[in-house]
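In: Turn this into a model:
(6 chains)
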There are 6 protein chains.
Amino acid sequence: MSNRTALVVSAHSADFVWRCGGAIALHAARGYEVTIVCLSYGERGESAKLWKQEGMTLEKVKAGRRKEAENAAEALAAHDIQFFDLGDYPLEMDREAKYRLVDVIRKVQPSFMLSHSLDDPYNTDHPYATRATLECRMVAQAWGHNPGEAVLGAPQLYLFEPHQTERCGWKPDTLLDITPVWERKKAAIECMEGQQHLWTYYTNVAENRANQFRRNSGGQSGGREAKYAEGFQSIFPRTVDEL
Amino acid sequence: MSNRTALVVSAHSADFVWRCGGAIALHAARGYEVTIVCLSYGERGESAKLWKQEGMTLEKVKAGRRKEAENAAEALAAHDIQFFDLGDYPLEMDREAKYRLVDVIRKVQPSFMLSHSLDDPYNTDHPYATRATLECRMVAQAWGHNPGEAVLGAPQLYLFEPHQTERCGWKPDTLLDITPVWERKKAAIECMEGQQHLWTYYTNVAENRANQFRRNSGGQSGGREAKYAEGFQSIFPRTVDEL
Amino acid sequence: MSNRTALVVSAHSADFVWRCGGAIALHAARGYEVTIVCLSYGERGESAKLWKQEGMTLEKVKAGRRKEAENAAEALAAHDIQFFDLGDYPLEMDREAKYRLVDVIRKVQPSFMLSHSLDDPYNTDHPYATRATLECRMVAQAWGHNPGEAVLGAPQLYLFEPHQTERCGWKPDTLLDITPVWERKKAAIECMEGQQHLWTYYTNVAENRANQFRRNSGGQSGGREAKYAEGFQSIFPRTVDEL
Amino acid sequence: MSNRTALVVSAHSADFVWRCGGAIALHAARGYEVTIVCLSYGERGESAKLWKQEGMTLEKVKAGRRKEAENAAEALAAHDIQFFDLGDYPLEMDREAKYRLVDVIRKVQPSFMLSHSLDDPYNTDHPYATRATLECRMVAQAWGHNPGEAVLGAPQLYLFEPHQTERCGWKPDTLLDITPVWERKKAAIECMEGQQHLWTYYTNVAENRANQFRRNSGGQSGGREAKYAEGFQSIFPRTVDEL
Amino acid sequence: MSNRTALVVSAHSADFVWRCGGAIALHAARGYEVTIVCLSYGERGESAKLWKQEGMTLEKVKAGRRKEAENAAEALAAHDIQFFDLGDYPLEMDREAKYRLVDVIRKVQPSFMLSHSLDDPYNTDHPYATRATLECRMVAQAWGHNPGEAVLGAPQLYLFEPHQTERCGWKPDTLLDITPVWERKKAAIECMEGQQHLWTYYTNVAENRANQFRRNSGGQSGGREAKYAEGFQSIFPRTVDEL
Amino acid sequence: MSNRTALVVSAHSADFVWRCGGAIALHAARGYEVTIVCLSYGERGESAKLWKQEGMTLEKVKAGRRKEAENAAEALAAHDIQFFDLGDYPLEMDREAKYRLVDVIRKVQPSFMLSHSLDDPYNTDHPYATRATLECRMVAQAWGHNPGEAVLGAPQLYLFEPHQTERCGWKPDTLLDITPVWERKKAAIECMEGQQHLWTYYTNVAENRANQFRRNSGGQSGGREAKYAEGFQSIFPRTVDEL
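Out: Have a look, this model is predicted:
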């Protein structure tokens, strides 16, 4: 019934890898066309390792970050990755940038969307991106915005996992088994050469979410043998025909 | 993979009708065996109309309430309805009563369970029933409880809709289209002759949840044409292979 | 002691009808002068039916929406309705627009104000309007803003009912019996020809809030026989001489 | 319309003084018959000063605490004070104790009730008393409990101020001006000879709540000149004819 | 100033290992005498592996669990471990059991206490233990409980990490570097032969909390090089002389 | 290890006095260099007394407020006070203003920071300042912002006490004994001649927070004899070597 498309809105160009790389690869493998929008490169705030190199410039950082993200998107078999290059720390979107995101949303017509948690005291760019995504989702639904274009339906917005979940008020209600595509996610993670300090962290996260997957799918009575999983929080209720 | 069985734990003998009668009928129609446990008859607190009659006694109230509930269960095509007769206002469960519920849970091996909201300042029996259900679910999972019996897996616990949702801290994350079985739910509602003041209320609820179903399944871009729906809140995360 | 005036701040030109039309009519009938400010016409996002017509333009939509709102305000016997025409989806207020709202607040000197819920993931214009209202209320209290003008006291801000209450974190603490003016609210609702899909929804809401009014005013021991009611959430504590 | 009666449920025999002595005196002065139920004397946990005296016994502590509470109730012009003597630290109520409270509730038929906050990590007796009060309020509403007796309507339950408000999740929505009866509350406070360390504390609280009363009744534009106030949190929505 | 003693209240006999084994070992190494109370052996609900063995009995399970816990306590250099043997799934404490815990608290006079999260829908024994601990802490502070004994001061209660943090509403505010004692915690974990499925899980948790330790102690500007950490949530405010 | 410096971000020029004057004076006395940034003078919204004088102008109000704040800072022995003069009611910060704050943060390299609560329906400038502070803290940590400058570590952000704590969702987790410097805070308070209505209020607050300090540091078993205290809420977890 719904389109087999999905849209990821990533504040910085590496976020999509750690937080929903498995979801991207898994849905790609299932035939979804997954589009990734990187609102910024994370060039100022998430590229410390590059900035510590001699003679580094903003353009070089952006180019390096872009290359890494493109490689990761390819490793995940994403359909498309777009870079809005809006700047980071802080990220800001004017009306033009928002309408650009609306255009992408309408073009993709995603059956679901992915973005950051609603709060994050460590990183204000993250909730900023999510709130802008909710706003753009609303505009994309408006019949009076670019009349004649196909308006957006009501795709779920899943919030992917922030770095320090409890401090961000993020509470997963959906655990996704990404075992079949773990090698792809691992490959994408390893594209992020500038942030090796996070490789182990997100491998641990994936293993532990899989433990929770096993518990919630049956526990000691025989849960599913997931080895790697990702967690997501839904913003909207599901509409179903069976519980 | 999972059993096609479900279990409803209802504090009083009419709660299951208003709050999840549609879910019962729908799953019955889909081939589920749905078992209903009524912890009490609601004989003291939810039978005002009967008590206003001349010469009424506790036993007569209980008999009347039981009959109504049995009729409703039949209208919904429930597989089984059991009456624990534990008393109401207040409802209290000792260890024996809890183990009785554990026995039912293990016997039914439900793929999902339904009970009340976690809070309700108007009706303390309701959250009491839910907390007991969570406790009994845990006991049913214990390998050391009646060793040798088949232990319980990890069924979802859905919280059905309380009377004044916002005051009970209840937040639906799942909307179920019950249009195909509305006539059954209506028939079950009309078995509850002692509580006619609630008939319109829960018809309105079903219509309005259907409006929300339409919005969340597509909105102005073409949501599903549900006419009646029920809302539920999940306690545990879902474990899925696709978002 | 306080002025018999009230002020409604409505993000789009129809919101005031569904959400507080009864409160407007009731207070008008009690001698209050109620002023309504529509920050936008909802011309882009809440006029799907109009946009589906051949040859529709933004100006025609706005004119149509304005007419409907004026008719509704008249049906409710509102004192005044003002259109700020700030655009919708998204609604944005610059400093000039905010000061315009401050001017209205100071001129009206409302004994209470009404606006939207503090959150709404479906419609970011709604909480935007409320937060702007809180900000403008604060500016209107400042002795240094247009010195010499009468500053604002401390009117209550009531949040009226959003479409999907639980998802918006809205929790009513005040139920208002609007039975005496229901015919007026119904007439206002029927002015909204473009949104007939909402007529039944908000009639159901009014009936069910009345059920809650009866329960909270006495329940089975004899509550007040309200037939239609509206719910509101207060932002500030009440200051009273009797509980 | 409603009875001019009120009921206070106090976990320990001094709680009613600090937390709602002003409300008692004010309503007494307005013609309300206010009944106070002290579930325990606070003899074990809130009588440190007495226990430090040579040769003290449980009975002596209880007698002393009772005398203090009676004096305070008289100073406040309460209609009646009853001592359930259920023990404290921890307070526990069996079914008999609860039904005794139900009897009082039905006899008093209060137009409003007062008890503790819903949480208090410092003092688990306090929320225990409140939860029992909610349960007994529900039983008092049941037509099947002692059929023939007048059932209870739907009185508001106000939660009075705990010692460390923020840690107890208590949020006042109602500020009561107790200036006219402050001397009475002061006299009642001074009956509590064993807890002089609290006298200044609750005088400060009353002054600061009055500051908030002034702000919320008009602020710098001319709020009411309250000098002493008490704060309360409501459990149920108000049912009104005017906002 | 304060005693160099600490008290852990563990619902089941293995909880203290996974959740605060590092804190125990670290404080032991710093000269604290740490006492552990195991309210039950987890014999019914957390010993699935044992129950799957031929000819297993409750007594054998309890003996095996006790041995494991004693070994773990020794590996952590705990001062004392006590087994209350109250039964599990469900855990229940009558007044006698609570007073027994009060006795331990008073004897230990801990400068801080450790127990479970306040909520846990998966395991109702956990919050039950914490609430009982809060109640017993209160009783231990009462001058009228066993007059003449030294009463308790006001030790902090830290909540240690539950299995699925976000679902339990647990939010860490304190990160403890346990790197110096990791080998001891690892040894204690490996005493838990019946629950090998948790070894990796809690090693991952320790590594990831250490990542958070590094971030919160300095981040990319040079945080402390912790390799293993544990997180805790405080119930009471800290009282300090310096921020 | 950490710098003995601290930074206060105050929305209006008097906020720092009421809310953290004790913390400033105490840390100054301990050798900390405390820098205060006043984003505005509070010239429009918090200077009612001045505006009631004949012939008052904005410049005169600002000059008067500045003088008061400088005197208060001196009374507290603050190291530096800076006035950004950004305007108030509403306070707004453009990118230039934010970068100016980033510059101060980097120059001061505070070991901890202080600002307002995250919510305040009475005063939207307050949470605005806090959110900007969190954003600027993040920018100050970015290696790509003014590359070559020393980046910021991870200082705690403490939220100081708002006027109506419970309505602002503020919950103190840290109580600071300011008894040794109370005379300094009192002197600073008395510099605020335009707001005498607040002197008693914040003296009461300090006395009552001290009562809570005594309770939480030992209670009836012998807490610390603090006479004046301030409360703070932490945003980030503490990283410690001992609980």
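In: List the contacts of the most centrally placed residue in chain A.
Out: For chain A, A:F16 is the residue whose C-alpha lies nearest the centre (C-alpha atoms, centre = their mean; 3.8 Å). With contact set as C-beta atoms under 8 Å, 6 or more residues apart in numbering or on different chains, A:F16 has these partners: A:8, A:10, A:24, A:36, A:38, A:69, A:72-73, A:114. In this view, the C-beta of every residue, glycine as well, is placed from N, C-alpha and C.
In: at 6 Å instead, please
Out: A:8, A:10, A:36 (C-beta atoms under 6 Å, 6 or more residues apart in numbering or on different chains).
In: so who does the second one touch?
Out: Under the criterion of C-beta under 6 Å, 6+ apart, the contact list for A:S10 reads A:16, A:38.
In: And the pLDDT at it?
Out: Predicted confidence (pLDDT) for A:S10: 98.
In: how about A:L114, secondary structure?
Out: The three-state label given to A:L114 by DSSP: H, G, I helix; E, B strand; the rest coil is strand.
In: circling back: could I get the contacts of A:F16 in JSON lines, plus columns for secondary structure?
Out: Shown next, in JSON lines, are the contacts of A:F16 (three-state DSSP):
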{"residue": "A:V8", "secondary structure": "strand"}
{"residue": "A:S10", "secondary structure": "strand"}
{"residue": "A:I36", "secondary structure": "strand"}
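In: Specify which member of those residues is nearest to B:C136.
Out: Proximity of these to B:C136 was ranked by C-beta to C-beta; the top entry is A:V8 with 41.1 Å.
In: That closest one bridge partners, please.
Out: Counting by DSSP bridges, A:V8 forms beta bridges with A:I36, A:L114.
In: ok, back up a step: what's the model's confidence in whichever strand or helix holds the residue nearest to the centre of chain A, averaged?
Out: Using DSSP states H and E, A:F16 sits in helix A:15-29. Helix A:15-29 carries an average pLDDT of 98.
In: got it, and stretch A:83-95?
Out: Averaging pLDDT along stretch A:83-95 gives 98.
In: likewise stretch A:220-239?
Out: Mean per-residue pLDDT for stretch A:220-239: 91.
In: Please identify the buried residues of it?
Out: Residues of stretch A:220-239 classed as buried: A:220, A:223-224, A:226, A:228-239 (neighbour count, 16 or more other C-beta atoms under 10 Å in any protein chain shown).
In: Surely A:A129 is in contact with A:D15?
Out: No. Counting by C-beta atoms under 6 Å, A:A129 does not reach A:D15; the two are 8.5 Å apart.
In: which one of the two has more residues nearby?
Out: A:D15 (30 against 26; other C-beta atoms under 10 Å in any protein chain shown).
In: distance of the more buried one from A:C38?
Out: To A:C38, A:D15 is 8 Å away according to C-beta to C-beta, to the nearest Å.
In: what about the residue of chain A at minimum distance from chain F, which helix or strand?
Out: In chain A, the residue that lies nearest chain F is A:R44 (3.2 Å; C-beta to the nearest C-beta). In this structure, A:R44 sits in neither a helix nor a strand according to DSSP H and E.
In: what sits against it?
Out: A:R44 is in contact with A:88-89, F:142, F:144-145, counting by C-beta under 6 Å, 6+ apart.
In: What residues does chain A have near chain C?
Out: Neighbours of chain C within chain A, by C-beta under 6 Å from any C-beta of the partner chain: A:134-135, A:138-139, A:142-145, A:147, A:235.
In: Buried by neighbour count, from those: which ones?
Out: In terms of neighbour count (16+ other C-beta under 10 Å), the buried residues within these are A:134-135, A:138-139, A:142-145, A:235.
In: now the nearest residue to A:E149 once chain neighbours are set aside: how far from chain D?
Out: The shortest distance from A:E149 to any non-neighbouring residue, by C-beta to C-beta, 6 or more residues apart in numbering or on different chains, is to A:R106 (5.7 Å). Distance, A:R106 to chain D, by C-beta to the nearest C-beta, to the nearest Å: 42 Å.
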